[in-house]
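Asker: here you go, sequence then predicted model.
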Amino acid sequence: MDIKLKNGETLDFKPDFKLSLTLNNPMLTEQGSMSLPVVLPESNRRKLGFPDRLDHAYKIKQVFNAMIGAGSYQKPALLRTTSHNKGTIGAFYLNESEMYAKMKDVDLSQAFNIIRPASDFHVAGTFAEPLDMVIKYMELVMVDNIKEDFHLFPVATDYYTETVHTGFGDKEYTFYQVLNEQMSGQNRNDNLTDIDLNGEEYYMLAGRNARQYNEGGSLVDVPKGYGITPFLKQSYVLHRIFEYFGYRLEESIFDTDPEFQKMVLVNNTADAIVRGELNYAQLVPSGTIKDYLDSVRTDYGCEFFISPDHKYVEVKFWNDLIKNKKFIPLDSKATGKETPNLAEPKLLKLTGNRSVEYTDVNFDTQEKFEKNYGQLQYAKDTIYQGRPDYPAGYYLIQSLGDIYERYPYVNDSGNTVRGWRYHSKYLFDSYEEKTDTDYEDKASKRDYIASISAFVHYTGTLVGVNIPGEYHRMLFIGNRRHLNTFVKKLHTDENGNQTVADEKEDTVSCPIMTAFYRGQTSPAGRPRPVIYGNIMMYDDQGEPFEGGFNLIFGGENGLYNKFWKLYADVIRHSFLQVEIPLKFDIRDILTFRFDNIYIYKGQPLIPEKLEFEIEKDNKIKVISALFRTIRLYLDG
């Protein structure tokens, strides 16, 4: 056996050296795969950059790329040294551990330091001025004329109250401020529309013009382009992360599934394009790459497996793993009797984060809700107001993503009819409430976001208008953040001289938020459709998208049923740990994978942990091999 550094230097070891390695299944633990601590003899001091000396001009190097070789066994690894005392002490990290060691504590924005100039967004026959060019391009992406790394649709952000004088008298309104707001207004003479590449008319983005936003109770002038921000596609974000660290992410359902193709990471950056360029680092959530990847794992029941040559990464899903019938036999490798370790059954608990306003609910699971209100039923919309259709009860209104109560009342004619009234948001987690069972708790770092009916101030001319705005159905994402602009309050003295009275520093972060780009709504009372996004598997008329799912864990079409149910059944009705004494050679070690299903005495098994030693003469000795059962056992 020999271990070489990337520069070709071979490390020295004592004659009786054994390398003890522990490989862990990344789908079952975050411990990673690594060696036991090793002591590298003093003769390696030069090769490791003299870690014992204090007179370095630069930081002492602690991480080295290495290759572990034992005959045909060639394994890339990361050597991380920790101290020096009569030799250098360190450990080798393998498989996903090497990859995640590189990602450790790296901010997500660091992987997206991509700045695209205005020239990237030129469309022939449109605008020449850089910012106008970017805005027009964003509009064409919004209406799905151009395929890009991102989508755009309106989202509601912070809101304010204002007393408005109308034809009905003074009235207080709550106005929501919108990112990617489209032009609206009742005076059709206003210039609200433009023509897309197919000759179709569409509502322009309101950010085409300099205008005013409400900031802390005061109206603030904002530049052209303000309030326009694209939302990066989740598939693009995943590929970019692994590309940044030198890996190629293989194609998966994140790329091929029609619903995943529409999925985006929503951001709250209000001034993303005001400089006439687009910085991708400003379009991703705050936090680390690990936080984001953890949210993907928890949401969709998957893990990222690195290839044996460490060049590409594959996404593996629990659903596919459990349904895999291509078993690899182990019986001929066993050297003794297996030892089963009986485990108590567990229930899976999946919960989303609720830091964004409007996501709190009285009952966080559908089971709790139905225990108090009866079975939840389904309706496409609420158009049957005042009619006897639909029995009394509680309904998910599919077009809204909200729960409404269907209740009886007596109308003006003295007839008993039924109406609709709002009850709560449809934002359920997934877990079964029991007191005598352990939970496997998986809390997503992704935030739930809810659709609301946001009252938005007209951007058009108010001619003969008694109501100063209109309602739009859109997702609410919390406060805006500013990364390219800041608010200055100016003080003007009696001589007309201005000084900065207050300068507001933006401290707003961006949570992890995902949604679906849904394209254009049905016209329904508007001369032209508007663009929208949601977190539901239904369109704005309540019709389901084929193969769709909701971006919540609970409910009939939630992430639990789509991605986690098979795994939940396994940990509840199986998942016994089995230790099998094995004799492996180099080839067995080379082909051993945690995303394979093995079979032993007719029992399908998923590998959990493999501990083995490599001796100087390349001999392999398996110390321990642990597996988990996945066949469901019947209750006795």
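Answerer: On my side now, so go ahead.
Asker: make it CA atoms for all contacts and neighbour counts henceforth
Answerer: OK.
Asker: how many neighbours does the nearest residue to residue 151 once chain neighbours are set aside have?
Answerer: Residue nearest to residue 151 in three dimensions, not counting chain neighbours: residue 231, with 5.4 Å by Cα to Cα, 6 or more residues apart in numbering. Number of residues near residue 231 (other Cα atoms under 10 Å) recorded here: 23.
Asker: for residue 330, same thing?
Answerer: 15.
Asker: quick one: pLDDT of it?
Answerer: What the model reports as pLDDT for residue 330 is 96.
Asker: what's the end-to-end length of stretch 312-328?
Answerer: 23 Å (Cα to Cα, to the nearest Å).
Asker: sorry, wrong one. I was asking about stretch 365-383.
Answerer: Stretch 365-383 end-to-end distance (Cα to Cα) = 27 Å.
Asker: who's in contact with that stretch?
Answerer: Residues from elsewhere that reach stretch 365-383 (Cα atoms under 8 Å, 6 or more residues apart in numbering): 363, 393-400, 420, 428-432, 541-543, 554-555.
Asker: of those, buried ones?
Answerer: Neighbour-count burial (16 or more other Cα atoms under 10 Å) applied to the contacts of stretch 365-383 gives 363, 393-400, 420, 428-431, 542, 554-555.
Asker: out of those, which sit inside strands?
Answerer: Mapping these onto strands (DSSP state E) picks out 393-397, 420.
Asker: related to what we said a few turns ago, and the residue nearest to residue 151, how far is that from residue 243?
Answerer: 20 Å.
Asker: on that earlier part again, ok, the residue nearest to residue 151 - contacts?
Answerer: Listed by Cα under 8 Å, 6+ apart, the contact partners of residue 231 are 150-152, 264-267, 283.
Asker: same list (the residues you listed) but as CSV, adding secondary structure and distance to residue 323.
Answerer: Formatted as CSV, those follow (DSSP: H, G, I helix; E, B strand; the rest coil; distance: Cα to Cα, whole Å):
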residue, secondary structure, distance to residue 323
150, strand, 33
151, strand, 34
152, coil, 37
264, strand, 29
265, strand, 30
266, coil, 33
267, coil, 36
283, helix, 37
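Asker: which PyMOL command selects the buried ones in those residues?
Answerer: Buried subset of the contacts of residue 231, written as a PyMOL selection, criterion 16+ other Cα under 10 Å:
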select buried, resi 150+151+152+264+265+266+267+283
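Asker: helix or strand for the residue of the chain most remote from its centre, which one?
Answerer: When distances are taken from the C-alpha mean of the chain, residue 495 lies farthest, 54.0 Å away, according to Cα atoms, centre = their mean. Counting by DSSP states H and E, there is no helix or strand that carries residue 495.
Asker: pLDDT below threshold where in the stretch 451-600 of the chain?
Answerer: Judged by pLDDT under 70, the stretch 451-600 of the chain has its weakly predicted residues at 459-465, 487-493, 496, 498-506, 523-527.
Asker: can you map out the strands along it?
Answerer: Ranges of strands in the stretch 451-600 of the chain, per DSSP state E, counting those that start in this stretch, are 469-476, 487-492, 498-504, 514-520, 531-534, 577-579, 597-600.
Asker: what angle do the longest one and strand 514-520 make?
Answerer: Going by axes from the mean of the first three to the mean of the last three Cα atoms, to 10 degrees, strand 469-476 is angled at 140 degrees with respect to strand 514-520.
Asker: so which elements touch strand 469-476?
Answerer: Using 3 or more Cα pairs under 8 Å, 6 or more residues apart in numbering; DSSP states H and E, the elements in contact with strand 469-476 are strand 155-166, strand 450-457, strand 531-534.
Asker: try it again with 6 Å
Answerer: Packing partners of strand 469-476 (3 or more Cα pairs under 6 Å, 6 or more residues apart in numbering; DSSP states H and E): strand 155-166, strand 450-457.
Asker: out of those strands, deepest packed?
Answerer: Mean neighbour count (mean count of other Cα atoms under 10 Å) peaks for strand 450-457 among the helices and strands packed on strand 469-476, with a mean of 20.
Asker: where does the stretch 51-200 of the chain dip in pLDDT?
Answerer: Under the criterion pLDDT under 70, the flagged ranges of the stretch 51-200 of the chain are 56-58, 185-190.
Asker: let's see it at 80
Answerer: Applying pLDDT under 80 to the stretch 51-200 of the chain flags the ranges 51-60, 72, 85-86, 98, 101, 104, 166-168, 184-191.
Asker: for it, just list every one of the strands.
Answerer: Assigned by DSSP E, counting those that start in this stretch, the strands in the stretch 51-200 of the chain fall at 63-70, 73-84, 88-94, 115-116, 150-151, 155-166, 169-179, 193-195.
Asker: just say which of these is most tucked in.
Answerer: Of all the strands of the stretch 51-200 of the chain, strand 150-151 has the most neighbours on average by mean count of other Cα under 10 Å, namely a mean of 26.
Asker: need the three-state assignment for residue 303.
Answerer: Using DSSP: H, G, I helix; E, B strand; the rest coil, the structure places residue 303 in strand.
Asker: so it makes contact with residue 316?
Answerer: Yes. Taking Cα atoms under 6 Å as the definition, residue 303 is a contact partner of residue 316 at 5.4 Å.
Asker: okay, those two: which has more neighbours?
Answerer: Neighbour tally, residue 303 and residue 316, criterion other Cα under 10 Å: the higher count belongs to residue 303, 23 against 17.
Asker: let me see the domain layout of the chain.
Answerer: Listed domain ranges for the chain are 1-104+576-635, 105-308+352-359+427-549 (source: the TED database).
Asker: just send the ones you listed back as a markdown table, with distance to residue 369 too.
Answerer: Formatted as a markdown table, the domains of the chain follow (distance: least, Cα to Cα, whole Å):
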| stretch | distance to residue 369 |
| --- | --- |
| domain 1-104+576-635 | 28 |
| domain 105-308+352-359+427-549 | 9 |
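Asker: what's the closest of these to residue 408?
Answerer: Nearest to residue 408, of all these, is domain 105-308+352-359+427-549, at 23.2 Å by Cα to Cα.
Asker: start to end distance for the closest one?
Answerer: Taking Cα to Cα, the first and last residues of domain 105-308+352-359+427-549 lie 32 Å apart.
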